[in-house]
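Q: Here you go, sequence then predicted model.
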There are 2 protein chains.
Amino acid sequence: MGQERLHQQLAFLVEADKLKNILRRTLLTDGSRRENSAEHSWHLALAAMVLEEYAAAPVELARVLRMLVVHDVVEIDAGDTFAYDKSGNATKEERERRAAERIFGILPQEIGGELRELWEEFEEHATPDAKFAHAVDRIQPFLQNRPLKGGTWRIYDLSREEILARMDPVRTALPRLWPIVMEAVNEFFSNLHSE
Amino acid sequence: MGQERLHQQLAFLVEADKLKNILRRTLLTDGSRRENSAEHSWHLALAAMVLEEYAAAPVELARVLRMLVVHDVVEIDAGDTFAYDKSGNATKEERERRAAERIFGILPQEIGGELRELWEEFEEHATPDAKFAHAVDRIQPFLQNRPLKGGTWRIYDLSREEILARMDPVRTALPRLWPIVMEAVNEFFSNLHSE
């Protein structure tokens, strides 16, 4: 029984390795390749550690870190759904729910349940921890798009409204960073129109 | 002044992106490519969350997670030194010390100092948190080598003594997992000799 439990935990960790093959649309800052969801999750954890002081409401960093570490694990089955893909986003919830069932289900029940709850809390973005985690999840790709003259904003020809809606968690949960976002958005569209 | 501080924090996060281009010797479990140090760090954080109950001494998971998130950041300058590379390891300490100076030095002083101390604690592996973190850092590549018939053990023609010395933190800090390591090592060498 004890051995079975340990084998479930190790099997989950082997399964998690697959997240390194799930590609996001965001490029690395050097533009060399698309970012994968595992390294993205690491970068968010680091960003949460470094930006905690700017959270609009107090957060429990330890929970935020655990939430960020698991927040994309469902993509192993469900894939990364590009934030601006309307049809993909219509089916995202159901695909991810089934993925959560299978993937967290590999673990012993109480650990799997706990990780699943953290993931659900992230998805619902209702608590201060989840709101801060979401803002961090928006600011990190922003930082990678900036040196690439807009990066995915340019590549996928996004409108100002789409970008501002997507970045809105920064406005509400990391308000001190919002002027930096607005400045980059304004510069991006003024360069676009002067091209 | 406040704005300068924020810009230092964002500059550090942009710099950290480079860890995604630092390649380790370990392959992904599907053998498709070498793992990078950013996705490796994410995988360790997840492993710490899932294996905490097996730590030989009680650990503070929140500190362990922060330690694992920063433990490889110095590789941006110093590169990944293969565990079994003797000449590389002779110069590793000095290269990494200089890297820590520069990279953590991008941050506001007290945050940079705090992250640097976590990295130093990891490197010294004296505390229960650092010992557990080290054991996790050994078990994760082990899990990826296993489905690849030894992976780096086979590719770099390592001896039983080298592997057991490298894996020793698992024996001391994750003792419940040691029989699994020994079984895999025994099987690996018995297959080698029957080839």
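A: Structure received.
Q: what's the spacing between the strand ranked longest in chain A and its chain's center?
A: Secondary structure of chain A per DSSP state E: the longest strand is strand A:23-27. Mean-position distance between strand A:23-27 and its chain equals 11 Å (C-alpha atoms, centre = their mean, to the nearest Å).
Q: Which strands or helices does the helix or strand following that strand pack on?
A: Later in the chain than strand A:23-27, the nearest helix or strand by DSSP states H and E is strand A:34-36. Applying 3 or more C-beta pairs under 8 Å, 6 or more residues apart in numbering or on different chains; DSSP states H and E, one finds that strand A:34-36 contacts strand A:23-27. All C-beta atoms are positioned from the backbone trio N, CA, C, and that covers glycine.
Q: what about the strand it packs on and chain B, any contact?
A: No: remark: strand A:23-27 sits outside contact range of chain B, by C-beta under 8 Å from any C-beta of the partner chain, the gap being at least 10.1 Å.
Q: now what about that strand, what contacts it?
A: The contact list for strand A:23-27, computed with C-beta atoms under 8 Å, 6 or more residues apart in numbering or on different chains, reads A:33-37, A:40, A:80, A:82, A:141, A:144-145, A:148, A:151-152, A:155-156.
Q: For the residues you listed, which entry has the maximal number of neighbours?
A: When neighbours are counted by other C-beta atoms under 10 Å in any protein chain shown, A:H40 leads the contacts of strand A:23-27 with 27 neighbours.
Q: Report the separation between it and B:S41.
A: As judged by C-beta to C-beta, to the nearest Å, A:H40 and B:S41 stand 12 Å apart.
Q: A:G105 too?
A: Going from A:G105 to B:S41 by C-beta to C-beta gives 26 Å.
Q: So which of these two has more stuff around it?
A: Using other C-beta under 10 Å as the criterion, A:G105 and B:S41 rank with B:S41 on top: 26 against 13.
Q: B:A16 is in contact with that one, correct?
A: No: between B:S41 and B:A16 there is no contact under C-beta atoms under 8 Å: 10.2 Å.
Q: what about the helices in chain A?
A: Taking DSSP state H as the test, the helices found in chain A are A:2-16, A:37-51, A:61-70, A:75-78, A:86-104, A:109-124, A:128-145, A:152-155, A:160-173, A:178-194.
Q: Flag every buried residue along the fifth one.
A: Read that as helix A:86-104. By 16 or more other C-beta atoms under 10 Å in any protein chain shown, the buried positions in helix A:86-104 come out as A:92, A:95-96, A:99-100, A:103-104.
Q: other SSEs contacting that helix?
A: helix A:75-78, helix A:109-124.
Q: State the mean pLDDT of the longest strand of chain A.
A: The pLDDT scores in strand A:23-27 average 95.
Q: tilt between that strand and helix A:37-51?
A: Using axes from the mean of the first three to the mean of the last three C-alpha atoms, to 10 degrees, the direction of strand A:23-27 lies 50 degrees away from that of helix A:37-51.
Q: how about strand A:23-27: buried residues?
A: Neighbour-count burial for strand A:23-27 flags A:24-27 (criterion: 16+ other C-beta under 10 Å).
Q: Equivalent analysis for stretch A:71-86, please.
A: Quick answer for stretch A:71-86 (16+ other C-beta under 10 Å): A:71-81, A:83-84.
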